[in-house]
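A.B. asks: Build the 3D model from these lines:
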Amino acid sequence: MAYDDLRDWITALDGAGELKTIRTEVDPVLEITEIADRVSKGRDRRGNPGGPALLFQNLKGHPGAQVLINQFGSARRMNLALEVNALDEVADRIRHFMDVKSPQGFLDKVKMLPMLAEMGKFFPRLVSTGACKEVIKRGNFSLLDFPILQCWPKDSGRFITFPCVITRDPKTGKRNLGMYRMQVYDERTTGMHWQRQKVGAEHYREALRAAAAGGDPARSSAAVDMMARSSGGSVLVEGAAPGGKMEVAVAIGTDPALTFSAIVPAPPDVEEYLIAGFLRQKPVELVKCETLDLEVPANAEIILEGHVHLDELRSEGPFGDHTGFYSLEDLYPVFHVSCITHRKNPIYSTTIVGKPPQEDAYMGKAVERIFLPLMKLTIPEIVDINLPVEGVFHNLMLVSIKKSYPGQARKVMSAVWSLGQAMFTKLIVVVDEDVNVQDVGEVTLKALNHIDPERDIQFALGPVDSLDHASRLPNYGSKMGIDATRKWPSEGFGRPWPDEIVMDGATKSLVDSKWKSLLKELGLE
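C.D. replies: This next block holds a predicted model:
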């Protein structure tokens, strides 16, 4: 059964031996980060990497508060969070739904009824109230009451790092759930670091466009002008700027499937609440906000309600990021909190990012495995992909393909760069289907042997991750693709291609029959 909320999840972690409760006093400023970083880079008693989830119960300056961190920080916990034995089970469920063909007749339609009924149970359900409304504060509240972390020494302050940020598309009404860090400026305001290409930022830009056009579609040129002069809402324009507010809600401390859904590259027009329902095989329960026309998870630990002003940007950062470097200071919208609701004695859920491996590494690998079927739907020649943890997800993608025609590897590179957040991939290496991309050593050997650098490397200009400190301009730079597939005569390669060194089967079998005794003589048994 799906976890109803964060507390249900914590109970499951404890029961599985995956949680350690820390009663030693610790400071949310820097100290929790140092502890969590050491644990995440360590191993458990069985030798598995990642260390346990940590529940801190003695927080300096916050008596009675609790902080949960590293909840997803191992392969086993990622499986436990999604209630599977292997992430491929989720991928198989996705594949099952994608294989559905359009019904051709009455009998086909009847056969589809059970599947349609199953899909129906994933849709979110509105309820009258929930645990997140046990305490409602419309006036006397402060963000500083929560044990929000300062993660790294040169961070510009405390940051909310595991928020589910809820916005609504001004045009379509579709809700979006995203995860964007939030620098705490004071008791009632934070930064809203939705990177330029994220959905929350697009909702903000849609609100800006509508305000610039005065709600009149015939004045679309005014919206175009606003986007150009404000660089897509990233700088304040000189002179009169369109005013107005955009509603934003933030949920902190949700069940694991919902938290994970906030980071997934959801297909267009598919709400993350629906994805969470699919992952947990049970609908997400939602309640109306107290002051906004938005729906939020009913069983969240903490809900922040407020607005982002369309004519206000503020310096945000630096922040120690998952690249292993501080992301630089920049301008971002400001979130003004108008109401806080929470459970009694709320548990503050958080994470840290920095030099890998950390908790986000396991979340990223889960995204890789689960959404591979969707990637294959668009690029069917793909056999497998690997986003190595050291590449911090957007810097390196290894792709194996079933090559069928000349130049196909370059087509795949272009296709990958056209897919949502995959547009940020700085380096794509494409290899043939006989290369195991999960074995980085094998990819390195084959790729470096197979390429002629001048012939097989191509560059492209386009959007890059906001965290890329090396790009020529913020959010804009170059990317590289390497075609490490075997070259064909039809690609201009006329030389003979050598055979790979492989021992013959008879000799391998002969040695296999002697291997046990050989291990004893070698002292390896």
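A.B. asks: Helix or strand next in line after the lengthiest strand in the chain, which one?
C.D. replies: What stands out as the longest strand in the chain, according to DSSP state E, is strand 302-316. The helix or strand immediately downstream of strand 302-316 is strand 319-320, counting by DSSP states H and E.
A.B. asks: what's the span of stretch 53-66, first residue to last?
C.D. replies: Using CA to CA, to the nearest Å, one end of stretch 53-66 lies 13 Å from the other.
A.B. asks: average model confidence for that stretch?
C.D. replies: In this model, stretch 53-66 has a mean pLDDT of 97.
A.B. asks: show me where the stretch 301-450 of the chain has helices.
C.D. replies: Applying DSSP state H, counting those that start in this stretch to the stretch 301-450 of the chain gives helices spanning 359-370, 372-378, 408-417, 440-450.
A.B. asks: Most tightly packed of these?
C.D. replies: Highest mean neighbour count among those (mean count of other CB atoms under 10 Å): helix 359-370, with a mean of 21. The C-beta positions use only the backbone N, C-alpha and C, and glycine is treated the same way.
A.B. asks: Show me what the helix or strand that contains Leu519 is packed up against.
C.D. replies: Leu519 is part of helix 505-522 when elements are defined by DSSP H and E. If you count contacts as 3 or more CB pairs under 8 Å, 6 or more residues apart in numbering; DSSP states H and E, helix 505-522 packs onto no helix or strand.
A.B. asks: Which residues does that helix contact?
C.D. replies: Residues outside helix 505-522 that contact it (CB atoms under 8 Å, 6 or more residues apart in numbering) are Glu525.
A.B. asks: Identify all contacting residues around stretch 232-249.
C.D. replies: For stretch 232-249, the external contacting residues (CB under 8 Å, 6+ apart) are 165-168, 170, 192, 196, 200-201, 203-205, 207-208, 211-212, 226-227, 229-230, 289, 292-294, 296, 303-311, 313, 330-331, 333, 335, 475.
A.B. asks: For that stretch, what does the pLDDT average out to?
C.D. replies: Mean per-residue pLDDT for stretch 232-249: 84.
A.B. asks: related to what we said a few turns ago, and the contacts of stretch 232-249, which of them are buried?
C.D. replies: 165-168, 170, 192, 196, 200-201, 203-205, 207-208, 211-212, 226, 230, 289, 292, 294, 296, 303-308, 310, 313, 330-331, 333, 335, 475 (16 or more other CB atoms under 10 Å).
A.B. asks: what about the helix holding Leu519, distance to the chain center?
C.D. replies: Taking CA atoms, centre = their mean, to the nearest Å, one finds helix 505-522 lying 46 Å from the centre of the chain it belongs to.
A.B. asks: ok, now stretch 405-414?
C.D. replies: A distance of 27 Å separates the centroid of the chain from that of stretch 405-414, by CA atoms, centre = their mean.
A.B. asks: Could you name the helices and strands sitting against the helix or strand harbouring Phe260?
C.D. replies: For Phe260, the host element (DSSP H and E) is helix 256-261. Counting contacts by 3+ CB pairs under 8 Å, 6+ apart, helix 256-261 is packed against helix 75-81, helix 272-280.
A.B. asks: which ones are touching Ala131?
C.D. replies: Counting by CB under 8 Å, 6+ apart, Ala131 touches 5, 298-300, 343.
A.B. asks: what's the closest of those to Pro356?
C.D. replies: The nearest member of the contacts of Ala131 to Pro356, counting by CB to CB, is Ala300 at 28.3 Å.
A.B. asks: Not counting sequence-adjacent ones, nearest residue to that closest one?
C.D. replies: Ala251 (4.1 Å; CB to CB, 6 or more residues apart in numbering).
A.B. asks: can I assume that neighbour sits in a helix?
C.D. replies: No: secondary structure of Ala251 (DSSP: H, G, I helix; E, B strand; the rest coil): strand, not part of a helix.
A.B. asks: what's the neighbour count on it?
C.D. replies: Residues near Ala251, counting by other CB atoms under 10 Å, number 25.
A.B. asks: That one contacts Ile166, correct?
C.D. replies: Yes: Ala251 is within contact range of Ile166, at 6.7 Å (criterion: CB atoms under 8 Å).
A.B. asks: Which helix or which strand is home to Arg486?
C.D. replies: Arg486 is part of no helix or strand when elements are defined by DSSP H and E.
A.B. asks: for this protein, where's the lowest mean pLDDT among helices and strands?
C.D. replies: Ranked by mean pLDDT, DSSP states H and E, the helix or strand of the chain with the weakest confidence is helix 106-120, at a mean of 55.
A.B. asks: just checking, next helix/strand downstream of that helix?
C.D. replies: strand 125-126.
A.B. asks: Give the pairing partners of that next one; include direction for each.
C.D. replies: Sheet pairing here is set by DSSP bridges, and for strand 125-126 it gives strand 285-288 (parallel).
A.B. asks: Put the alpha carbons of stretch 279-299 into PDB.
C.D. replies: Output of stretch 279-299 as PDB, limited to C-alpha atoms (Å, rounded to 0.1, in the frame of the first residue of the first chain):
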ATOM      1  CA  LEU A 279       3.900   5.800  -8.900                       C
ATOM      2  CA  ARG A 280       2.100   5.200  -5.600                       C
ATOM      3  CA  GLN A 281      -0.800   3.300  -7.300                       C
ATOM      4  CA  LYS A 282      -3.200   5.500  -5.300                       C
ATOM      5  CA  PRO A 283      -4.500   9.000  -5.800                       C
ATOM      6  CA  VAL A 284      -2.900  12.000  -4.100                       C
ATOM      7  CA  GLU A 285      -5.400  13.700  -1.800                       C
ATOM      8  CA  LEU A 286      -5.500  17.500  -2.200                       C
ATOM      9  CA  VAL A 287      -7.100  20.300  -0.200                       C
ATOM     10  CA  LYS A 288      -7.800  23.900  -1.200                       C
ATOM     11  CA  CYS A 289      -5.400  26.600   0.100                       C
ATOM     12  CA  GLU A 290      -6.700  29.000   2.700                       C
ATOM     13  CA  THR A 291      -5.800  32.200   0.700                       C
ATOM     14  CA  LEU A 292      -5.100  31.000  -2.900                       C
ATOM     15  CA  ASP A 293      -6.900  29.300  -5.700                       C
ATOM     16  CA  LEU A 294      -4.500  26.300  -5.600                       C
ATOM     17  CA  GLU A 295      -4.800  22.800  -4.300                       C
ATOM     18  CA  VAL A 296      -2.000  21.300  -2.100                       C
ATOM     19  CA  PRO A 297      -1.200  17.900  -0.700                       C
ATOM     20  CA  ALA A 298      -3.600  17.300   2.200                       C
ATOM     21  CA  ASN A 299      -1.100  15.300   4.300                       C
END
